[in-house]
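Colleague: pasting a predicted model and its sequence here:
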Amino acid sequence: MTVAATNTEPIAPTLALGAGCYWGTEKFIKKDFQKRFPDSIKDAKVGFMSPDPNAKKNPSYREVCSGITGYVEVLFVELNNPTEGLYEELMKFFFLFHDPTTKNRQGNDAGTQYASYVFTNGERQTEIATKVAQDVQTALDSGKITTYSRKKVETLISPANTFYPAHEEHQEYLMKNPSGYCNHYYRVREFPEL
């Protein structure tokens, strides 16, 4: 039984995902996730979010890239017709295209701004994200996932705070520049059965 089938509470429509450079996260969610679940994303923007509600307001891209602000590069997602089932599928997909075992790093991109992070809205989102992360750890421990760099999931989960969109030239960057920099790829093709 999926975690989504155990609770009928409405789920919040927004969340933010950090998976390294936000350009790749945007491409995989807006393009590839929507191939699997058409019209599932109402809107998505790249930008910054901090786990600290008292963090500096409206940081610049340069400040975030310094790694000293505590902000994470994220994709802020608004789901179309959000359900627990769709949210769970998005969480599973999130773990397919980045390496959640490398703390504050994705490939060549290193620093706290590149952390694997799920910023949730509401208790139910947090419960589902935590369960999926635990399932990934179980798959690692049992050898059902062998393509990550390490053996421990480092993904952080915390309540969402204020989202600051990146400048317009950063929005849909890889859609506008298909050969632009992206270190994301499918580390796992399908979420394993446990």
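Modeller: Good, I have the coordinates. Numbers count the residues shown, from 1 in each chain.

Colleague: help me confirm that F48 is found in a strand?
Modeller: Yes. Counting by DSSP: H, G, I helix; E, B strand; the rest coil, F48 falls inside a strand.

Colleague: show me what it is bridged to.
Modeller: Using DSSP bridges, the beta-bridge partners of F48 come out as E73, Y164.

Colleague: and for D43?
Modeller: Assigned bridge partners for D43, using DSSP bridges, are E78.

Colleague: and it, how many neighbours?
Modeller: 12 (other CB atoms under 10 Å). For glycine as for every other residue, the C-beta is placed from the backbone atoms N, C-alpha and C.

Colleague: then the one 10 residues further on?
Modeller: As a burial measure, the neighbour count of P53 was computed by other CB under 10 Å and equals 10.

Colleague: next up, phi/psi of it, please.
Modeller: phi -60, psi -20 (degrees, to the nearest 10).

Colleague: for it, give its distance to K103.
Modeller: 22 Å (CB to CB, to the nearest Å).

Colleague: then E89?
Modeller: In terms of CB to CB, E89 sits 26 Å off from K103.

Colleague: tell me which of the two has more neighbours.
Modeller: Counted by other CB under 10 Å, E89 and K103 do not tie: E89 has more neighbours, with 19 against 16.

Colleague: helices or strands up against the helix or strand harbouring the more buried one?
Modeller: Following DSSP states H and E, one finds E89 within helix 84-94. The contact analysis (3 or more CB pairs under 8 Å, 6 or more residues apart in numbering; DSSP states H and E) places helix 84-94 against strand 14-19, strand 72-79, helix 123-142.

Colleague: now the longest one and helix 84-94, what's the angle there?
Modeller: The one in question is helix 123-142. 40 degrees (axes from the mean of the first three to the mean of the last three CA atoms, to 10 degrees).

Colleague: report all helices and strands that the helix or strand just after helix 123-142 contacts.
Modeller: Downstream of helix 123-142, the first helix or strand assigned by DSSP H and E is strand 156-159. Secondary-structure packing of strand 156-159 (3+ CB pairs under 8 Å, 6+ apart): strand 116-120, helix 123-142.

Colleague: can I get those in CSV including distance to Y185?
Modeller: Shown next, in CSV, are these (distance: least, CB to CB, whole Å):
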stretch, distance to Y185
strand 116-120, 15
helix 123-142, 17
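
Colleague: give me whichever of those is most buried.
Modeller: strand 116-120 (a mean of 25; mean count of other CB atoms under 10 Å).

Colleague: now stretch 82-94: mean pLDDT?
Modeller: Stretch 82-94 comes out with an average pLDDT of 96.
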